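**Student:** just a sequence and a predicted model for now, questions to come.
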Amino acid sequence: MQKKRFKDYLQEYIMILVLVVLLIVFEVLCLILTKRNFLAISNIMNILGQNAYLIITGIGITFIMLGGAMDLSTGYILSTVGVVMAIIDGGDKGTGQNTFFLLTLLAGVALAVILSGFNGVMYSWLAVFPFVITLATQYIFNGATYLVAGGQQHTYKKLSVWFKYLGGQRINWLGGLSTGVIVMIILVVIGSIILNKTHFGRNVYALGSNPDAVALSGVSVAKMRIAVFALAGLFFGLAQVVNIGKMSASASQSMGIGAEFTVMAGAMLGGIKMGGGGGKMSNMVVGVLIIAVLNQGMNFLNINPYWQKVALGIVLLAAVVLDTLQTRAAINAAKKVSGAPPKPVEG
Amino acid sequence: MTEREPALSLKGIRKVFPGVVALDNVSIDFYPGEVHALIGENGAGKSTFIKAITGAHAPDGGTITVDGETYKAMTPALSRKHGIECIYQEFNLIDVLSAAENICYGEKLGRFVNQKKMNEIAKKIFDDFGVDINPSTLVRDLTPGHMQIVEIAKAVSKNCKILILDEPTAPLSMAEVDILFKIVNQLKEKGVAIIFISHRLDEVFELTDRVSILRDGVYITTLMTKETNRAELIKYMVGREMTATFPPRNAEIGDVALELKNLTGNKVKNISFKAHHGEVLGISGLVGAGRTEIMKVVYGAEKKQWGDVYVNGQKANISSPAVAMNKYGICLIPEDRKREGCFLQETISWNIVYNVLGKISKAGFVNKKKEKEIADYYGNAMRIKAPNLDKTKVMTLSGGNQQKVVVGKAMATQSDIIIFDEPTRGIDVGAKYEIYELMNQMAEEGKCVIMVTSDMEELLGMSDRIVVFGERCLAGELTKEEFSQERILDMASTGGAQE
């Protein structure tokens, strides 16, 4: 057995290291420059609570990306589902005490599965990289959301208190941890189990790695693609439930839009490769957290929000450069092995 | 005739790839106004030779003389400068541009794109050829024959002095072949040196003046086409000494395991043969004869037009690879292992168990213990040389070890009928021998092994029986007593004789 070298460890955990370094750097800078404690429990809980729904969305995105696809419509699925849930929950007449929350939840999640599943069906049918497909459905979902909500920008308030219980209730004896974070942890664990322990999870990796070989192995590539998108939809639906809870049980037509970019950026930053070919659930979690910490840290330092965007873009570019260089090195190393002169036959 | 200066002269060309000598001391002269055929079996080194001329490969030894200038290696720019143009089997055209635009592509005809002038240039060449193609037709709307003519026109418009045609007739209909030959003869009259590569010996006799034979990367001889005959060419093409050794096999040939009756795919027609339990059936034929396609039809990975497959005497309805594998116990080890055979970014164990995950999962959850057992068993049985089966990614293995992973992945399914497509392509001698042992082991266990191969030694050394494909049809079948390189090549290069 080959021992793991320091380099291998570094490669595997580099993003966690980056996250830790970021936390420390912001702590030091904040203490010096703005006299604020970045690592205060309340701030950490805040970061987690604000980003729980993004990480849940990220579980779905991770399945899609590992399966060799992408999704530009995620944020719009979230907003559509949010508005539909709000309307089912009583719309503007909400009192916060609706008794049919379970129906709302099931309907919302089912809708998310259907919308994302529709992306999957189109992807399977057309078999083109889902960029254009999800760009198109992005418009469809966005338009439909406004049609359903009646045109005007509108916020539904006082939705069922259960949203809050699931997504935004602070638990004081846990240092103000939000319930959404607990839901997130449970879902990340479930997502990881599906990915790592099940036959389905194996096929997700296989699909991203080599769809031709999957087909020749007797697995229907089309069905797998639909299943991956539908499963992702499940997580998108749950993410929006938590998101609504975080916003004190209110929803609007624009809520959730943009999540797809933050989450895809996070996933890529964490080490999940665009177009399939490896990565773990934890990569996405770490990546999204890095973006969250960067944002919050720069807020604490009172940095101009536009500079924050520039910084985020630079970080993402740097990650791509790093990853590309690594991949090239790996390919060159592989070439060396297979290109070695033949050795005499042993035995 | 030989007194003239050759247009292109290659001396002592040598090219070594890792593990293989692709060309060894090949010297051929090509004369202007002559059609010179280059023939040889699959893998004889024809393509490598062509690539040395066009500059796609730099030879490891020898010289190339053209226009009185001698080079150690050509480059694509250099070969173009000297008027060398090559037309490959896959067309090199931009299919959203018109025929004329393709012909004039890269030429400077003034500051702006000048459609009129381009069309005039194209029209003139087409008229010279005596073909009726509208210069403004988009290439994608042309027939393959016309596309090829556009390719040739493009070469001619670049003032080509040496024209290489690599298997030019393969995509063409009979009528189109006639037109092509007419054009080639015209160019010959104009003093162009033409290098013509073909599997079809009939065409060699019809069109060429001289023929050179390569075998296993070695130059055999050059003959005047008029002074030779089919039998002599075949003798030179094969005439190989059998040096490789094959592991002994002690298998009993049993009942029919797989039978094809008039099976027809999109390109291959009416294929019928039987394969038995305990037998290694070799499938031979030239590249592109449709061997791979028909095996994919059997496996349910490509659509059949008509015909039937029988498994163990029962008519089988194989609609997909899943049905082939799970219901009928048929497994296919594809030709292109990197593209279709394995998951390069995953580990060895991951790959080996992939096909059997369904069997070792309960309620969708993979049984880790069984998974490890299977991966270890087959990983060790295949003698895959890797630091760690569970950690090493297939990407980092050598070709031979990658192939062992693919074979292990197939063996883990415990299928009864195993189809190998080019099982030892691109792998070293030691690994080849091990693959042969694995095949023998399967046959000894009573499995039916079908081996599609372009490697003549392997075909003769491993097979109990050989089925030979002609061009997109069955050319015949040989029993062990009838095996001979000459017969196989003769059958394979006849092409459509049965139709």
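**Tutor:** All right, it came through fine.

**Student:** list the residues that contact B:Ala44.
**Tutor:** By CB atoms under 8 Å, 6 or more residues apart in numbering or on different chains, the residues touching B:Ala44 are B:214-217, B:237. Where you see a C-beta, it was placed from the backbone N, CA and C, and this is true even at glycine.

**Student:** redo the residues you listed as JSON lines? Include pLDDT.
**Tutor:** Shown next, in JSON lines, are these (pLDDT from 0 to 100):
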{"residue": "B:Leu214", "pLDDT": "90"}
{"residue": "B:Arg215", "pLDDT": "87"}
{"residue": "B:Asp216", "pLDDT": "82"}
{"residue": "B:Gly217", "pLDDT": "86"}
{"residue": "B:Met237", "pLDDT": "84"}
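
**Student:** residues in contact with residue 165?
**Tutor:** I'll assume chain A. Counting by CB under 8 Å, 6+ apart, A:Tyr165 touches A:179, A:245.

**Student:** please refer instead to chain B.
**Tutor:** Counting by CB under 8 Å, 6+ apart, B:Leu165 touches B:87, B:184, B:194-197.

**Student:** check B:Glu486 too.
**Tutor:** Contacts for B:Glu486 (CB under 8 Å, 6+ apart) come out as B:231, B:234-235, B:238.

**Student:** quick one: buried ones out of those?
**Tutor:** By neighbour count, with 16 or more other CB atoms under 10 Å in any protein chain shown, the contacts of B:Glu486 hold B:234, B:238 as buried.

**Student:** in helices, which of the contacts of B:Glu486 appear?
**Tutor:** Residues of these located in helices (DSSP state H): B:231, B:234-235.

**Student:** closest to A:Ile257 among these?
**Tutor:** B:Ile234 (70.8 Å; CB to CB).

**Student:** residues contacting that closest one?
**Tutor:** Contact partners of B:Ile234, counting by CB under 8 Å, 6+ apart, are B:201, B:486, B:489-490, B:493.

**Student:** okay if I get those residues as TSV plus pLDDT and secondary structure?
**Tutor:** Shown next, in TSV, are the contacts of B:Ile234 (pLDDT from 0 to 100; DSSP: H, G, I helix; E, B strand; the rest coil):
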residue	pLDDT	secondary structure
B:Leu201	85	helix
B:Glu486	85	helix
B:Leu489	85	helix
B:Asp490	85	helix
B:Ser493	78	helix
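
**Student:** rewinding a little: just the ones in helices among the contacts of B:Glu486 now: which is nearest B:Asn312?
**Tutor:** Nearest to B:Asn312 among those is B:Ile234, at 38.3 Å by CB to CB.

**Student:** tell me, what's the model's pLDDT at that closest one?
**Tutor:** Reading off the confidence values, B:Ile234 has pLDDT 85.

**Student:** separation between it and B:Asp209?
**Tutor:** From B:Ile234 over to B:Asp209 the distance is 20 Å, taken as CB to CB, to the nearest Å.

**Student:** filter the contacts of B:Ile234 down to the buried ones, PyMOL style.
**Tutor:** Selecting just the buried residues from the contacts of B:Ile234 in PyMOL takes one command, with 16+ other CB under 10 Å as the test:
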select buried, chain B and resi 201+489+490+493
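
**Student:** longest helix of chain A?
**Tutor:** helix A:305-338.

**Student:** burial count for B:Ala77?
**Tutor:** B:Ala77 has 8 neighbours, counted by other CB atoms under 10 Å in any protein chain shown.

**Student:** what strand or helix carries it?
**Tutor:** Remark: B:Ala77 resides in helix B:76-81, with elements defined by DSSP states H and E.
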